[in-house]
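**Q** 3D model of this:
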Amino acid sequence: MRNQLRSLSAIAFAALILALPARSIAAQDMGIPIGTRPGPAVVRTLDGKPVDLSRYIGKVPVMIEFWATWCPNCKELMPALTAAEKKYGKRVKFIVVAVAINQSPAKVKRYLGAHPQRHEMLFDTDGAAAEAFDAPATSYVVMLDKSGRVVYTGLGGKQDLDAAVRKGL
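**A** Okay, here's the model as predicted:
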């Protein structure tokens, strides 16, 4: 039953993504609420090793983007993410979580081979991170402060990630 619910959630997630325009959408009314702490989530490296996100959360400010190789908003957002990481990378942990909808770790590795990134790329094999952060779609960004509380959420390709990071510092 749980797998059926996850499958239905994945289908709904994919349908929402395809319906989203390329512009920025306020995510404050959806996703994980501001001021809360996410639940536990174990994701995987692209080589299949488990990574518990609590390893970072509550220790340093963390920015997480839920991402997919096929997401046009994610591609549009990438320059802002790269710029924010370049500017704040010594003080903030940047993580991109690839969702497991219409992609695999191998597909993500191929994409990264052609489009290298500097941030940590992880894979949400069973949807644990998307569930813990109540991610409504790809290009969903969550900024957590050092205490692990959500200080920003945003959705879409035109987010002010510099301002989001400043909220977490």
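**Q** C-alpha only now, for contacts and for neighbours.
**A** Noted.
**Q** quick check: which ranges of this protein have low pLDDT?
**A** 1-29 (pLDDT under 70).
**Q** restricting to C-alpha, output stretch 152-167 in PDB.
**A** This file holds the C-alpha atoms of stretch 152-167, laid out as PDB (Å, rounded to 0.1, in the frame of the first residue of the first chain):
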ATOM      1  CA  TYR A 152      13.000  30.100   3.000                       C
ATOM      2  CA  THR A 153      11.300  28.000   0.400                       C
ATOM      3  CA  GLY A 154      10.900  28.900  -3.200                       C
ATOM      4  CA  LEU A 155       9.900  27.300  -6.400                       C
ATOM      5  CA  GLY A 156      10.800  28.000 -10.000                       C
ATOM      6  CA  GLY A 157      13.600  29.100 -12.200                       C
ATOM      7  CA  LYS A 158      13.800  32.800 -11.100                       C
ATOM      8  CA  GLN A 159      14.500  32.700  -7.300                       C
ATOM      9  CA  ASP A 160      16.700  35.200  -5.500                       C
ATOM     10  CA  LEU A 161      19.000  32.600  -3.900                       C
ATOM     11  CA  ASP A 162      21.300  35.300  -2.600                       C
ATOM     12  CA  ALA A 163      18.500  36.700  -0.500                       C
ATOM     13  CA  ALA A 164      17.500  33.200   0.600                       C
ATOM     14  CA  VAL A 165      21.000  32.400   1.800                       C
ATOM     15  CA  ARG A 166      21.200  35.700   3.700                       C
ATOM     16  CA  LYS A 167      18.100  34.600   5.600                       C
END
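**Q** how far off centre is it?
**A** 12 Å (CA atoms, centre = their mean, to the nearest Å).
**Q** go on, stretch 54-64?
**A** Between the centre of stretch 54-64 and the centre of its chain there are 13 Å (CA atoms, centre = their mean).
**Q** what's the first-to-last distance across it?
**A** 12 Å (CA to CA, to the nearest Å).
**Q** buried set for it?
**A** 56, 57, 58, 60, 61, 62, 63, 64 (16 or more other CA atoms under 10 Å).
**Q** equivalent analysis for stretch 114-132, please.
**A** In terms of neighbour count (16+ other CA under 10 Å), stretch 114-132 has its buried residues at 121, 122, 123, 124, 125, 126, 127, 128, 129, 130, 131, 132.
**Q** is it fair to say residue 164 lies in a helix?
**A** Yes. Per DSSP: H, G, I helix; E, B strand; the rest coil, residue 164 lies within a helix segment.
**Q** burial of it, as a residue count?
**A** Residues near residue 164, counting by other CA atoms under 10 Å, number 20.
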